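Asker: need a structure here:
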Amino acid sequence: MSRLRDLYRVRPGYWFAQKRYGWGVVPATWQGWLLTIGMLLVASGIARLAHQRSALYQLLFLPLFVGFVWLSWLKTDGGWRWRWGDRD
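Answerer: Below is the predicted model:
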């Protein structure tokens, strides 16, 4: 477990770490996890509203998703790029 924690350690002020393989990030601090879980909860609430009312509510997903990606991009230690494990 400590090896996994060391792989995804970030500098102070950052909430996300780069994935070891591929493109993207993973939450590395409690703030990153809170943002991710909060986004999922809001998205599920929007999905319930969209299902019960109209498809117009589905347009709320776009600013939610763009905002989440933008904030996680700002708070990622090392930026976003394609990674290929230890060779990178």
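Asker: Show the contacting residues for the residue nearest to Lys75 when sequence neighbours are not counted.
Answerer: Among residues not flanking Lys75 along the chain, Trp15 sits closest, at 4.1 Å (Cβ to Cβ, 6 or more residues apart in numbering). Placement of C-beta: from N, CA and C, glycine included. Applying Cβ atoms under 8 Å, 6 or more residues apart in numbering, we find Trp15 in contact with 27-29, 31-32, 35, 72, 75-76.
Asker: can we see that at 10 Å?
Answerer: For Trp15, the contacting residues are 25, 27-36, 71-72, 74-77, by Cβ atoms under 10 Å, 6 or more residues apart in numbering.
Asker: just Asp77 next, same as before
Answerer: So Asp77 contacts 8-18, 25, 28-29 (Cβ under 10 Å, 6+ apart).
Asker: How much space separates it from Val26?
Answerer: Separation of Asp77 from Val26 (Cβ to Cβ, to the nearest Å): 11 Å.
Asker: Quick one: mean pLDDT for stretch 25-42?
Answerer: Mean pLDDT, stretch 25-42: 93.
Asker: Keeping just the C-alphas, turn that stretch into PDB.
Answerer: Output of stretch 25-42 as PDB, limited to C-alpha atoms (Å, rounded to 0.1, in the frame of the first residue of the first chain):
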ATOM      1  CA  VAL A  25      -5.300  11.800 -13.600                       C
ATOM      2  CA  VAL A  26      -6.200  10.200 -10.300                       C
ATOM      3  CA  PRO A  27      -7.200  12.000  -7.100                       C
ATOM      4  CA  ALA A  28      -4.200  12.000  -4.700                       C
ATOM      5  CA  THR A  29      -5.500  14.100  -1.800                       C
ATOM      6  CA  TRP A  30      -8.700  14.500   0.200                       C
ATOM      7  CA  GLN A  31      -9.500  17.600  -1.900                       C
ATOM      8  CA  GLY A  32      -9.200  15.700  -5.100                       C
ATOM      9  CA  TRP A  33     -11.400  12.900  -3.800                       C
ATOM     10  CA  LEU A  34     -13.900  15.400  -2.500                       C
ATOM     11  CA  LEU A  35     -14.100  17.200  -5.900                       C
ATOM     12  CA  THR A  36     -14.500  13.900  -7.700                       C
ATOM     13  CA  ILE A  37     -17.200  12.500  -5.400                       C
ATOM     14  CA  GLY A  38     -19.000  15.900  -5.400                       C
ATOM     15  CA  MET A  39     -19.000  16.000  -9.200                       C
ATOM     16  CA  LEU A  40     -20.400  12.400  -9.300                       C
ATOM     17  CA  LEU A  41     -23.200  13.300  -6.800                       C
ATOM     18  CA  VAL A  42     -24.200  16.400  -8.700                       C
END
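Asker: I am finished for the moment; much appreciated.
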